[in-house]
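*Asks:* Take a look and give me a structure for this.
(one chain, ligands or ions: 1)
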Amino acid sequence: MTTQIQAPRLSVSNLSTAFPTEDGLVRSVADVSFSIMPGKTTALVGESGSGKSVTSLTLMGLLPKTANAQVSGKTAFVTRNGSTVDLLSLGTQDMRRLRGNELSMIFQEPMTSLNPVFRIGEQIAESVRLHKGVDHKAAMAQALRMLELVEIPAAAQRIHEYPHQLSGGMRQRVMIALAMACDPTLLIADEPTTALDVTIQAQILLLMRRLQRETGMSILFITHNLGVVAHHADDVVVMYAGRVVESAPVRPMFAQPEHPYTQGLLACLPGKAAHTPGQPKPKRLFAIRGQVSSPLAPPPGCAFEPRCDRAIADCQKAMPPLLTNLPGRQARCIRVGENLALKQAA
Ligand SMILES: Nc1ncnc2c1ncn2[C@@H]1O[C@H](COP(=O)(O)OP(=O)(O)OP(=O)(O)O)[C@@H](O)[C@H]1O
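*Replies:* Below you'll find the model as predicted:
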């Protein structure tokens, strides 16, 4: 029997992004590596400021020019015709072409992508016209199909509305329609549902999952909420202070988080508060003590050490490498095996 090994849609290797500022060099993303398989979702998870957005904006070539970012690393993106390109070394024109035909991004705030002064149908049609080279009538027909695809009720009427006439959830659907107009092979979704209430959030996440099944696109899903990842991701990459601290397929990660930071994030989830078996469940939600250190003055060793309950003297000596303790998984902690043993004993 032959085993087919599928190549990732996108592999990111040792990505680093730093910004020169008056106070010094801000190392927002340091040595980050991960991959996204075709038709699958990789979630990038971490607290505010952990470097998730800078990672995605670097990959999309969308960092503001004025920031003078210093970027290093390599990527391998496999296009729909099978050729491999490094997103970090593409020129502005090639990157723009790729963004029109293969890569799309959706944001937390739909008004980042939607223009308030144009009707939604016109905006989607304009994108279709640019990317597919069709005339206005065909583009409008495609815009209507896109609105129906994202389940906008009464799409034939709504197509003539302005963004402000729609609810937050409907605007988010329109933004997804806009992002899907170029038939992306990779969709980057940066906190796409954070601003929405929980029911609408669930609907939008299910919609994205359905579109993924139908189109086979890969998704890089960026969120600070490990809770929404459980049902909507295949692989998880946890970032802390600009670095990957743990990466694993979603089920094993939830069943057995290896890094103390991931364990803390999971304990922060409602209904998952840390508790000792046999004791009543605590009423208050667990919170990780302390704050992320400044990217201008990182601690000399493990960045999580100042907040870690398991820290020992060696944790202050050097940044731990990513270690493999369980197959297919990595965690940046010198006590990785012990952490699990401790957790299992508890
Ligand atoms: N242009 C810039 N110049 C200097 N520092 C920056 C710049 N852009 C981002 N940073 C810093 O990089 C770090 C990572 O920011 P990033 O926005 O990627 O975090 P994040 O994990 O996406 O957080 P959030 O969930 O709040 O968006 C932060 O400390 C931020 O202040």
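*Asks:* The residue of the stretch 101-250 of the chain found nearest the ligand: what's it in contact with?
*Replies:* Nearest to the ligand, among the residues of the stretch 101-250 of the chain, is His224, at 5.2 Å (C-beta to the nearest ligand atom). Glycine gets a C-beta too; all of them are placed from N, C-alpha and C. Counting by C-beta atoms under 8 Å, 6 or more residues apart in numbering, His224 touches 45-48, 52, 191, 194.
*Asks:* try it again with 6 Å
*Replies:* By C-beta atoms under 6 Å, 6 or more residues apart in numbering, His224 lies in contact with Glu47.
*Asks:* how near is it to Ala43?
*Replies:* Distance, His224 to Ala43, using C-beta to C-beta, to the nearest Å: 11 Å.
*Asks:* what's the answer for Val292, then?
*Replies:* Taken as C-beta to C-beta, the span from Val292 to Ala43 is 19 Å.
*Asks:* and Pro127, how many residues sit next to it?
*Replies:* Just to correct that, residue 127 is Ser rather than Pro. By other C-beta atoms under 10 Å, the residues close to Ser127 number 23.
*Asks:* For stretch 149-166, buried residues please.
*Replies:* The neighbour-count check on stretch 149-166 (16 or more other C-beta atoms under 10 Å) flags 149-150, 152, 155, 158-159, 161, 163, 166 as buried.
*Asks:* Other residues contacting that stretch?
*Replies:* 114, 116, 119-121, 144, 147-148, 171, 173, 176-177.
*Asks:* give me the number of residues near the closest residue to Ala287 other than its chain neighbours?
*Replies:* Using C-beta to C-beta, 6 or more residues apart in numbering and skipping the chain neighbours, the partner closest in space to Ala287 is Cys268 (6.2 Å). By the other C-beta under 10 Å criterion, the neighbourhood of Cys268 contains 18 residues.
*Asks:* so where's the stretch 1-150 of the chain shaky on pLDDT?
*Replies:* Low-confidence segments of the stretch 1-150 of the chain (pLDDT under 70): 1-5.
*Asks:* Do a quick rundown of the strands in it.
*Replies:* Ranges of strands within the stretch 1-150 of the chain are 10-21, 24-36, 41-45, 70-78, 84-85, 103-106, based on DSSP state E, counting those that start in this stretch.
*Asks:* Pull the contacting residues for the most centrally placed residue in the chain.
*Replies:* Nearest to the centroid of the C-alpha atoms of the chain, with distances taken as C-alpha atoms, centre = their mean, sits Ile222, at 2.2 Å. Applying C-beta under 6 Å, 6+ apart, one finds that Ile222 lies in contact with 44, 52, 56, 190-191.
*Asks:* Any chance of a markdown table for those residues, columns neighbour count and distance to the ligand?
*Replies:* As requested, the contacts of Ile222 are exported to a markdown table (neighbours: other C-beta atoms under 10 Å; distance: C-beta to the nearest ligand atom, whole Å):
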| residue | neighbour count | distance to the ligand |
| --- | --- | --- |
| Leu44 | 29 | 8 |
| Lys52 | 26 | 4 |
| Ser56 | 19 | 8 |
| Asp190 | 22 | 7 |
| Glu191 | 18 | 6 |
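*Asks:* So which of those residues belong to helices?
*Replies:* Counting by DSSP state H, the members of the contacts of Ile222 that fall within helices are 52, 56.
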